[in-house]
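> requesting a structural model of the entry that follows:
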Amino acid sequence: MHQDSPNDSWAIKFAQFIKRFGTLKLSILFVVVTLVFTLGGSYVIRVAMGYSVQPDDFIIAVVLTMMSAPWVLYFLSELVKQLETSRTNLKEVVSQLERLREEDVFLNRELQSNIRQLNHEMEQRRKAQEDREAVFKDLEKEIEEKSQSEQQARHLSTLLRSIIDASPDLIYYRNEEGRFAGCNRIAEMLTGKTEEELVGLTLHDVFEEELARQIVASDHEVLENNAGMTEELWLRFADDRRRYFEMKRVPFFDNEGKRLGLLAFGRDMTERKQAENAAAKASTDKTRFIATISHELRTPLNGIVGLSRMLRDTELSEEQFSWVSTIYASAITLGNIFNDIIDLDKLDRDKLELSLKTVSLRDFTQELSSIIRLLAADKSLELKTNIIEPLPDLVEVDGTRLRQILWNILFNAVKFTQKGHVKLSVSATPAKDDMTQVTYIIEDTGVGIPEVELDKIFAMYYQVDHPDHQSATGTGIGLAICKQMVDLMHGTIDVSSDVGKGTRFEITLPLHISKRPMQVSQLQVTDLNILLVEDIELNVMVAKALLEKLGQTVDVAMTGQEAIDKARNNQYDLILLDIQLPDMTGFDVANTLRDEDLVMGTPMVALTANVIKKREEYLQNGMDDVIAKPIKKSRVIEVFNSLFTEPAAPLDTEVASKPKTDRSKALSTILDMELLQMLIDTIGEDMVRASVKVFQEKMPEYMEILQLSLSADEKSEVCSQAHKIKGAAGSVGLARVQRIANQIQQGDHPAWWQNVHDWVEELQMAVAHDMKTLHEWLNQQMIED
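Prediction:
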């Protein structure tokens with residue numbers, strides 16, 4: 001608040017006093033005071049000056065005072081008024097100034113605040129500008145980096161595209177709608193369309209209808225399971241070239257896991273396929289070669305074994321008997337070496353199987369020892385046979401394979417022993433759960449095997465590299481085959497040896513104790529009228545002599561036509577039929593005899609030196625049994641007793657009168673026997689089984705599509721699917737399935753809709769039944785020795 005200064009306080013107070021007291025009163029008082037002061041002053045001055053006081057002096061003073069006092073008073077009053085007015089105005093001005101000052105202070109404060117706010121805003125704007133500049137720099141950097149990334153991405157995309165186009169593999173990708181979204185140059189070459197032309201098309205627009213359906217079905221499976229799938233198929237290029245591709249299809253997704261479509265890679269495997277076909281052909285050629293050699297070698301071998309065996313039963317001097325025994329043992333040795341070669345081929349094709357029979361271990365061991373003893377005697381060696389009791393009377397074992405195992409080891413023992421002995425021991429553990437562990441131990445006093453070589457002797461074609469072994473060599477396959485056969489029997493074979501002292505082999509086999517009686521070793525039937533069909537004189541001589549010695553009557557035919565003529569003119573109890581004849585095959589002869597009803601009730605037994613084919617193959621072709629060459633007396637007795645002395649099962653008279661060939665005829669209505677046999681001979685049993693497996697895996701899907709199409713009344717799709725099933729069934733020899741599918745695919749049949757549901761049901765039942773029959777047929781393809 002404004003305060004009055006000290007110099008102005010009395011004047012202001014005086015003015016305020018005049019204003020409060022009143023001008024008139026103050027004027028009167030002023031006049032009075034002035035008169036008093038004038039009178040008093042005049043008196044004092046007169047007295048002081050020594051003058052006498054006169055009344056005039058007072059009158060003059062009063063007159064002068066009265067004349068001047070009003071003017072002075074007026075002047076003073078006006079002055080006071082002006083002063084008061086000035087004071088009031090000044091006060092108002094001061095108040096206004098004070099207000100203005102206060103407003104100025106307020107405005108100054110507000111200005112200061114605004115200045116501070118402005119400074120703050122300017123600072124913020126400066127910082128914002130700096131941030132913007134930083135953002136702009138970051139943005140420029142990001143744009144630059146993005147530009148570089150885009151440039152790099154374009155470079156990588158171009159590089160990737162170049163790599164994809166340069167790839168020899170077929171690459172294409174399709175969207176969720178099944179339309180092409182891109183491809184590489186190989187795909188363009190395949191379809192004959194550029195990528196721009198291909199984009200948007202479907203498989204049906206590009207490939208043949210059948211192939212398109214196959215690929216669409218596979219793609220559907222990939223997308224349905226969200227998992228990759230690999231299949232092999234033939235593709236035809238736009239220039240009509242056919243190439244074999246291994247196609248890999250996988251679903252592909254974006255970064256968020258959303259499926260975008262399907263990506264397909266195809267690798268040209270034509271060369272591999274051709275190589276596989278060439279290898280299969282080579283394997284088939286090798287098998288055929290071995291089959292041919294089998295026939296050609298076993299023919300003279302049959303004569304050597306048969307004649308030497310018969311000579312041993314005649315009256316001979318000791319020296320002659322020794323010579324004949326050597327011939328006999330050497331022929332058997334040759335036969336066993338040849339068996340090793342045959343089994344080697346079977347092992348290569350995984351066709352070696354076991355045929356369990358009831359065997360007496362005692363008789364088996366003694367029979368084997370009797371032959372080995374002949375070999376040992378030629379080298380002045382002693383064969384010791386030790387049968388350790390108790391042994392089970394009968395066991396279930398593949399006697400042929402067991403004989404081959406023991407023969408190989410015993411033959412090696414004799415071969416590598418110069419003096420001393422060879423010992424064969426057999427023992428068995430007590431029976432437990434109808435099982436026993438049979439152990440054969442073969443010991444010799446030969447040159448022995450170095451310890452470093454023991455782990456290698458079971459390798460294929462391996463021969464011990466040691467000076468003591470140079471005097472006797474072999475094929476290098478015998479022990480390898482022994483090891484694989486022992487493994488096939490779930491047994492073990494161990495070897496230990498000391499160089500210069502000898503070698504010890506121990507073979508342990510888990511065998512079932514047989515509850516079945518052995519095949520009768522004595523012939524139970526005689527006086528049979530037998531037609532022997534054989535084109536080689538030596539084989540005729542041996543077989544005829546053996547049969548006649550067994551009490552049979554033998555008529556001989558050297559050709560197929562001669563056999564047919566004899567069967568037309570004579571009635572025979574049994575026909576022994578060689579398969580390879582000069583004018584026709586034994587199967588041709590059998591078919592002719594059956595067609596002319598010349599063998600009603602007459603068994604036909606195949607004579608064959610082909611050890612490649614299996615027994616079931618001959619049975620399927622109408623044979624009642626098989627006898628392998630060289631002919632063994634034991635096998636002849638077994639077959640004859642089986643055919644003529646075993647009691648027949650109780651059957652209806654009509655059924656019992658049917659020949660055994662009816663089974664083969666019934667089977668031929670289910671399976672295409674000729675095709676299956678051709679496939680096995682051409683591509684091998686493994687490939688046939690693989691094809692059957694693929695068919696079996698695909699059929700549920702094929703049948704499901706067929707049923708769905710039939711439910712939807714899609715006649716064209718039903719016919720198309722039946723056509724696919726027909727082709728697939730035909731490729732694996734399912735003749736009946738193929739016939740039914742062929743009926744279904746004939747959509748122009750006048751009563752198609754009336755019968756198709758029954759046909760489909762019949763097809764479904766036939767697939768289930770005939771697949772089982774096909775598997776049984778494949779599992780029985782083996783010739784019994």
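> what about the host helix or strand of Phe411, distance to the chain center?
Assigned by DSSP states H and E, Phe411 falls within helix 399-415. On the basis of Cα atoms, centre = their mean, to the nearest Å, helix 399-415 sits 42 Å off its chain's mean C-alpha point.
> average pLDDT for it?
On average, the pLDDT along helix 399-415 is 85.
> also stretch 685-703?
Stretch 685-703 comes out at a mean pLDDT of 79.
> swap in stretch 87-94?
Stretch 87-94 comes out at a mean pLDDT of 76.
> got it, and stretch 152-168?
When pLDDT is averaged along stretch 152-168, the result is 76.
> contacting residues around it?
Residues outside stretch 152-168 that contact it (Cβ atoms under 8 Å, 6 or more residues apart in numbering): 171, 184-186, 267-268. C-beta here means a position set from N, CA and C on the backbone, and glycine is covered the same way.
> farthest pair in those?
Arg185 and Arg267 (15.2 Å; Cβ to Cβ).
> what comes up buried for stretch 164-184?
For stretch 164-184, a neighbour-count test (16 or more other Cβ atoms under 10 Å) marks 164, 169-174, 178, 180-184 as buried.
> picking up where we left off before, so which of the contacts of stretch 152-168 sit within strands?
Among these, the ones falling in strands (DSSP state E) are 171, 267-268.
> next, the angle helix 399-415 makes with the helix or strand hosting Asp363.
Secondary structure here is read from DSSP H and E; on that basis Asp363 sits in helix 361-378. Angle of helix 361-378 versus helix 399-415, following axes from the mean of the first three to the mean of the last three Cα atoms, to 10 degrees, is 30 degrees.
> elements contacting helix 361-378?
If you count contacts as 3 or more Cβ pairs under 8 Å, 6 or more residues apart in numbering; DSSP states H and E, helix 361-378 packs onto helix 318-348, strand 382-387, helix 399-415, strand 421-428.
> who's in contact with that helix?
322, 325-326, 328-329, 332-333, 382-383, 385, 387, 391-392, 395, 399, 402-403, 406-407, 410-411, 414, 422, 424, 426, 428, 438.
> buried ones in it?
Across helix 361-378, burial judged by 16+ other Cβ under 10 Å covers 361, 364-365, 368-369, 371-377.
> what subset of the contacts of helix 361-378 is buried?
If you count burial by 16+ other Cβ under 10 Å, the buried members of those come out as 325, 328-329, 332-333, 383, 385, 391-392, 395, 399, 402-403, 406-407, 410-411, 414, 422, 424, 426, 428, 438.
> how about the contacts made by Tyr172?
Counting by Cβ under 8 Å, 6+ apart, Tyr172 has contacts 180, 182-184, 187, 198, 264.
> what's the neighbour count on the closest residue to Asn591 other than its chain neighbours?
Among residues not flanking Asn591 along the chain, Gly622 sits closest, at 7.0 Å (Cβ to Cβ, 6 or more residues apart in numbering). When neighbours are counted by other Cβ atoms under 10 Å, Gly622 registers 23.
> ok, Gly622 to Thr559 distance?
Relative to Thr559, Gly622 is positioned 19 Å away (Cβ to Cβ, to the nearest Å).
> give me the subset of the buried residues of stretch 164-184 lying in helices.
Ile164 (DSSP state H).
> from the buried residues of stretch 164-184, which has minimum pLDDT?
Lowest pLDDT within the buried residues of stretch 164-184 is found at Ile164 (74).
> that one and Val33: what is the separation?
For Ile164 relative to Val33 (Cβ to Cβ), the value is 131 Å.
> part of a strand, is Val556?
Yes - the assignment for Val556, made by DSSP: H, G, I helix; E, B strand; the rest coil, places it in a strand.
> how near is it to Ala545?
Separation of Val556 from Ala545 (Cβ to Cβ) stands at 12 Å.
> ditto for Leu334
As for Leu334, its distance to Ala545 is 21 Å (criterion: Cβ to Cβ).
> what's around Val499, how many residues?
Count around Val499 with other Cβ under 10 Å applied: 14.
> tell me where the stretch 601-750 of the chain has strands.
Ranges of strands within the stretch 601-750 of the chain are 604-608, 625-628, based on DSSP state E, counting those that start in this stretch.
> show me the shaky parts of the stretch 601-750 of the chain.
Of all residues in the stretch 601-750 of the chain, those with pLDDT under 70 make up the ranges 609-615, 630, 646-666, 668, 678-679, 681-684, 687, 711-712, 750.
> ranges for the helices of it?
Remark: helices assigned in the stretch 601-750 of the chain by DSSP state H, counting those that start in this stretch are 615-620, 633-644, 653-656, 661-670, 673-683, 685-711, 715-731, 735-745.
> packing partners for the second one?
It refers to helix 633-644. helix 537-549, strand 625-628.
> the shortest one: how far from the chain's middle?
Relative to its parent chain, strand 625-628 has a centroid offset of 43 Å by Cα atoms, centre = their mean.
> is the closest residue to Leu203 other than its chain neighbours in a helix, a strand, or coil?
Excluding the flanking residues, the one nearest Leu203 by Cβ to Cβ, 6+ apart is Ala212, at 4.3 Å. Secondary structure state of Ala212, per three-state DSSP, is helix.
> circling back to that earlier point, and the buried residues of stretch 164-184 as TSV, adding distance to Phe17?
TSV is the format used below for the buried residues of stretch 164-184 (distance: Cβ to Cβ, whole Å):
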residue	distance to Phe17
Ile164	118
Asp169	125
Leu170	126
Ile171	121
Tyr172	121
Tyr173	116
Arg174	118
Gly178	119
Phe180	119
Ala181	113
Gly182	115
Cys183	120
Asn184	121
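> pick the one among the buried residues of stretch 164-184 closest to Leu235.
Relative to Leu235, the closest of the buried residues of stretch 164-184 is Leu170; by Cβ to Cβ it sits at 7.7 Å.
> what's the pLDDT at the closest residue in space to that closest one that isn't next to it in sequence?
Take Leu170 and drop its neighbours on the chain: the residue closest to it by Cβ to Cβ, 6+ apart is Gly266, 3.3 Å away. Per-residue pLDDT puts Gly266 at 87.
> list the contacts of Gly266.
Taking Cβ under 8 Å, 6+ apart, we find Gly266 in contact with 169-171, 186, 235, 245-248.
> could I get those as TSV with distance to Ser731?
Shown next, in TSV, are the contacts of Gly266 (distance: Cβ to Cβ, whole Å):
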residue	distance to Ser731
Asp169	28
Leu170	25
Ile171	30
Ile186	29
Leu235	19
Phe245	19
Glu246	20
Met247	20
Lys248	24
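> hang on, Leu233 in a strand?
Yes - assessed by three-state DSSP, Leu233 belongs to a strand.
> quick revisit: quick check: angle from the helix holding Phe411 to helix 633-644?
Using the same axes, to 10 degrees: helix 399-415 against helix 633-644 is 170 degrees.
> let's see helix 399-415 as PDB, backbone CA atoms only.
Extracted C-alpha coordinates of helix 399-415, given in PDB (Å, rounded to 0.1, in the frame of the first residue of the first chain):
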ATOM      1  CA  GLY A 399      17.500-132.700 -41.900                       C
ATOM      2  CA  THR A 400      18.800-131.500 -45.300                       C
ATOM      3  CA  ARG A 401      20.200-128.200 -43.800                       C
ATOM      4  CA  LEU A 402      21.600-129.900 -40.700                       C
ATOM      5  CA  ARG A 403      23.300-132.500 -42.900                       C
ATOM      6  CA  GLN A 404      24.800-129.700 -45.000                       C
ATOM      7  CA  ILE A 405      26.100-127.900 -42.000                       C
ATOM      8  CA  LEU A 406      27.700-131.000 -40.500                       C
ATOM      9  CA  TRP A 407      29.000-132.200 -43.900                       C
ATOM     10  CA  ASN A 408      30.800-128.900 -44.600                       C
ATOM     11  CA  ILE A 409      32.600-128.900 -41.200                       C
ATOM     12  CA  LEU A 410      33.400-132.700 -41.300                       C
ATOM     13  CA  PHE A 411      34.600-132.400 -44.900                       C
ATOM     14  CA  ASN A 412      36.900-129.500 -43.900                       C
ATOM     15  CA  ALA A 413      38.100-131.500 -40.900                       C
ATOM     16  CA  VAL A 414      39.100-134.400 -43.100                       C
ATOM     17  CA  LYS A 415      40.600-132.100 -45.700                       C
END
